[in-house]
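>>> Kindly return the folded structure for what I paste below:
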Amino acid sequence: MRAIHATQAGGPEVLTVVDLPDEPPGPGQVRVEVAAAGVNFIDTYRRSGVYPMAFPHVVGAEGAGRVVEVGEGVTELRVGDGVAWASVPGSYAERVNVPVADAIPVPAGVDLRTAAALPLQGLTAHYLSSSTFPVSPGDVALVHAGAGGVGLLLTQLVVRRGGRVISTVSTAEKERLSREAGAELVVRYTELDDLTAELPEILREHTGGRGVDVVYDGVGKATFDASLASLRPRGMLVLFGGSSGQVPPFDLQRLNSGGSLFVTRPTLAHYIADRAELLGRAADLFAAVEEGLSVRVGLELPLEEAAEAHRALESRRTTGKVLLVP
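I've put the predicted structure just below:
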């Protein structure tokens, strides 16, 4: 079978197409023919050596496909079933062995490429809006990178819960996409001279001087100060990523002087560690898709063009989800 190896730590050029043995599934696993693999920033961190990895390794951890073989002891899945997954190493490949504990059954009404675009970003948007800061009707949320994969899904889920969304984006096209997802105000941060000074002022003017109830910030270092300054008293900053770099240590007294603020740094793994919780969140997402939740695939490339997919993601040229199709 074909797969994509990262041969050593480095840039996208280290991604190479290789032929590997087609290994049968082990106990508690299913062999899946991959319909599409999701491309995510964490893949680039592992490829570049930011996250320690053994080399060479098959890149990727997300995807969807159809079961072609079941391993010993597997009873809940059968050959022909559609499944998706969020965290199975080696997913940039034609076939992957998926542990049943990580396999998410895909309803018949959801196509497999849409299913491949949902696990990591969709489940993230779900836990952020329903658990970390459960949005209530009338809550105002600031969503950074509003036209990204998480941003577009998160905006829709916040609006579905009765919340209001203000987003930040970089271009006119991204503003259009964010508004279509439900954002009532979109700020192009590229047009601001000083994000930290100007963004909170814009948001307070829009909210009658109050500030926002929650900021969902996956950007990190470049937006953290503006995010903190945009909150209402007792508001919450949910820092769930650092695409611009990690936030340096800061004085906790800033939370006091800012209005008894809350800051949290969640990660998806802690919100899907229990299989019942994983399946419950996935069921909510798939139901939302069948009811009209839009899942945007902004770039779809053949498996052998994995390096180009990484270049596009790292240069911020993408919107929505990036998929590789074997």
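>>> what about Glu205, neighbour count?
10 (other C-beta atoms under 10 Å). To be clear about C-beta, it is placed using only N, CA and C from the backbone, and glycine gets the same treatment.
>>> Then it would be within a strand, right?
No - counting by DSSP: H, G, I helix; E, B strand; the rest coil, Glu205 falls outside a strand, being helix.
>>> Tell me where the stretch 51-200 of the chain has strands.
57-58, 62-70, 82-85, 95-99, 104-105, 140-143, 164-169, 185-188 (DSSP state E, counting those that start in this stretch).
>>> possible to save those as JSON lines with distance to Glu23?
Listed next are the strands of the stretch 51-200 of the chain as JSON lines, based on distance: least, C-beta to C-beta, whole Å:
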{"stretch": "strand 57-58", "distance to Glu23": "11"}
{"stretch": "strand 62-70", "distance to Glu23": "10"}
{"stretch": "strand 82-85", "distance to Glu23": "17"}
{"stretch": "strand 95-99", "distance to Glu23": "6"}
{"stretch": "strand 104-105", "distance to Glu23": "22"}
{"stretch": "strand 140-143", "distance to Glu23": "41"}
{"stretch": "strand 164-169", "distance to Glu23": "43"}
{"stretch": "strand 185-188", "distance to Glu23": "47"}
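>>> Tabulate these in TSV, adding columns for mean pLDDT.
Shown next, in TSV, are those (pLDDT from 0 to 100):
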stretch	mean pLDDT
strand 57-58	97
strand 62-70	98
strand 82-85	98
strand 95-99	98
strand 104-105	98
strand 140-143	98
strand 164-169	98
strand 185-188	98
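>>> Now do the contacts for the closest residue to Phe55 other than its chain neighbours.
In space, and not counting its chain neighbours, Phe55 is closest to Gln8: 5.0 Å by C-beta to C-beta, 6 or more residues apart in numbering. The contact partners of Gln8, taken as C-beta atoms under 8 Å, 6 or more residues apart in numbering, are 14, 55-56.
>>> any idea which of these is the one closest to Val165?
Val14 (38.0 Å; C-beta to C-beta).
>>> and the closest one, how far is that from Ala307?
8 Å (C-beta to C-beta, to the nearest Å).
>>> Okay, now the sheet partners of the host helix or strand of Asp213, with direction.
Using DSSP states H and E, Asp213 sits within strand 212-217. According to DSSP bridges, strand 212-217 has the following sheet partners: strand 140-143 (parallel), strand 231-239 (parallel).
>>> Could you single out the most deeply buried of those strands?
strand 140-143 (a mean of 28; mean count of other C-beta atoms under 10 Å).
>>> who touches it?
129, 133, 135, 151, 154-155, 158, 163-168, 183, 203, 207, 210, 212-217, 227, 230.
>>> Which stretches in the stretch 151-300 of the chain count as helices?
172-181, 195-206, 224-229, 253-257, 275-290 (DSSP state H, counting those that start in this stretch).
>>> Any chance of TSV for those, columns distance to Thr75?
Shown next, in TSV, are these (distance: least, C-beta to C-beta, whole Å):
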stretch	distance to Thr75
helix 172-181	40
helix 195-206	52
helix 224-229	46
helix 253-257	49
helix 275-290	14
